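> fold the following for me, if possible:
(chains A and B)
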Amino acid sequence: GQNIDQPTEMTATEGAIVQINCTYQTSGFNGLFWYQQHAGEAPTFLSYNVLDGLEEKGRFSSFLSRSKGYSYLLLKELQMKDSASYLCAVRDSDYKLSFGAGTTVTVRA
Amino acid sequence: IAGITQAPTSQILAAGRRMTLRCTQDMRHNAMYWYRQDLGLGLRLIHYSNTAGTTGKGEVPDGYSVSRANTDDFPLTLASAVPSQTSVYFCATAREGDRNEQFFGPGTRLTVL
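Residues are numbered from 1 along each chain as shown, chains lettered A, B, ... in the order given. Got it, this is the predicted structure:
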């Protein structure tokens, strides 16, 4: 099984940078995903890492270290619309996802 | 239909009643999933199907059943609902390929009284 930990809440100011950490213990690692979920809506895909290193996509970047069981999602130039929950998910060898409880990010003006 | 649809959007149900949540996709993805989302617990996998005709149990399958008669439809049935099944239910599909990311439907909010 998977044990996935991420902070419950984070608050940051508009225009700032926030880093959301995710640690995991897995019995068969086959990729790590980050999803964004606005209140009352469905999760939407943000990023995917399967090899160690940094993946950059616009204002969002995701990092993975498989040896440390660690990932982070970096949100730069924060905007009010980035206020949402961010879900870390680990994929196993059967292509099933296990999700962390999510980190609620609040962006303040 | 565009993407994934779920029905109903929300439902209030008496305990002991039978309920089927519907999920339909038009993306021709082989894999489909049912999750429940509860505050503080995140998304938990109930059942999944890697292709039409096959199904598997996820992390929390008890009290739920699924079928996958064709590629597009993946209904979730609660045979006899209990209050602990009050939750938001999401259906998802996965695109083939190395990334294989999942796409989520809009969700069904179910309350069992």
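
> report pLDDT for A:Ser71.
pLDDT for A:Ser71: 98.

> helix, strand or coil for the most far-flung residue of chain B relative to its centre?
If you look at how far each residue of chain B sits from its centre, by C-alpha atoms, centre = their mean, the farthest one is B:Asp98, at 23.3 Å. On the three-state scheme (DSSP: H, G, I helix; E, B strand; the rest coil), B:Asp98 is labelled coil.

> in contact with it, which residues?
A:Val50 (C-beta atoms under 8 Å, 6 or more residues apart in numbering or on different chains). Yep, even glycine has a C-beta here, placed from its N, CA and C like the rest.

> tally of neighbours for A:Thr13?
By other C-beta atoms under 10 Å in any protein chain shown, 11 other residues sit near A:Thr13.

> spatially nearest residue to it (excluding sequence neighbours)?
Leaving aside its chain neighbours, A:Thr13 sits nearest to A:Arg108 (5.6 Å; criterion: C-beta to C-beta, 6 or more residues apart in numbering or on different chains).

> so the one you found touches A:Met10, yeah?
No. A:Arg108 lies out of contact with A:Met10 (C-beta atoms under 8 Å); the separation is 11.3 Å.

> and these two? which has more neighbours close in?
Comparing A:Arg108 with A:Met10 by neighbour count (other C-beta under 10 Å), the higher total belongs to A:Met10, at 17 against 11.

> who does the closest residue to B:Gln85 other than its chain neighbours bridge with?
Distance criterion C-beta to C-beta, 6+ apart; nearest residue to B:Gln85, sequence neighbours excluded, is B:Val112 at 5.2 Å. Beta bridges link B:Val112 to B:Leu13, judged by DSSP bridges.

> how about the strands in the chain?
Looking at chain A here, since you left the chain open. For chain A, the strands defined by DSSP state E cover A:3-5, A:9-13, A:18-25, A:32-37, A:44-49, A:53-57, A:60-65, A:70-75, A:84-91, A:97-99, A:103-108.

> please go with chain B instead
Under DSSP E, chain B gives strands at B:4-7, B:10-13, B:19-25, B:31-38, B:42-49, B:56-57, B:64-66, B:76-78, B:87-94, B:102-104, B:108-112.

> with mean pLDDT and mean neighbour count added, can I get the ones you listed in a markdown table?
Output for the strands of chain B, formatted as a markdown table (pLDDT from 0 to 100; neighbours: other C-beta atoms under 10 Å in any protein chain shown):
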| stretch | mean pLDDT | mean neighbour count |
| --- | --- | --- |
| strand B:4-7 | 98 | 18 |
| strand B:10-13 | 97 | 13 |
| strand B:19-25 | 98 | 19 |
| strand B:31-38 | 97 | 23 |
| strand B:42-49 | 96 | 22 |
| strand B:56-57 | 96 | 14 |
| strand B:64-66 | 98 | 19 |
| strand B:76-78 | 98 | 18 |
| strand B:87-94 | 97 | 23 |
| strand B:102-104 | 95 | 22 |
| strand B:108-112 | 98 | 18 |
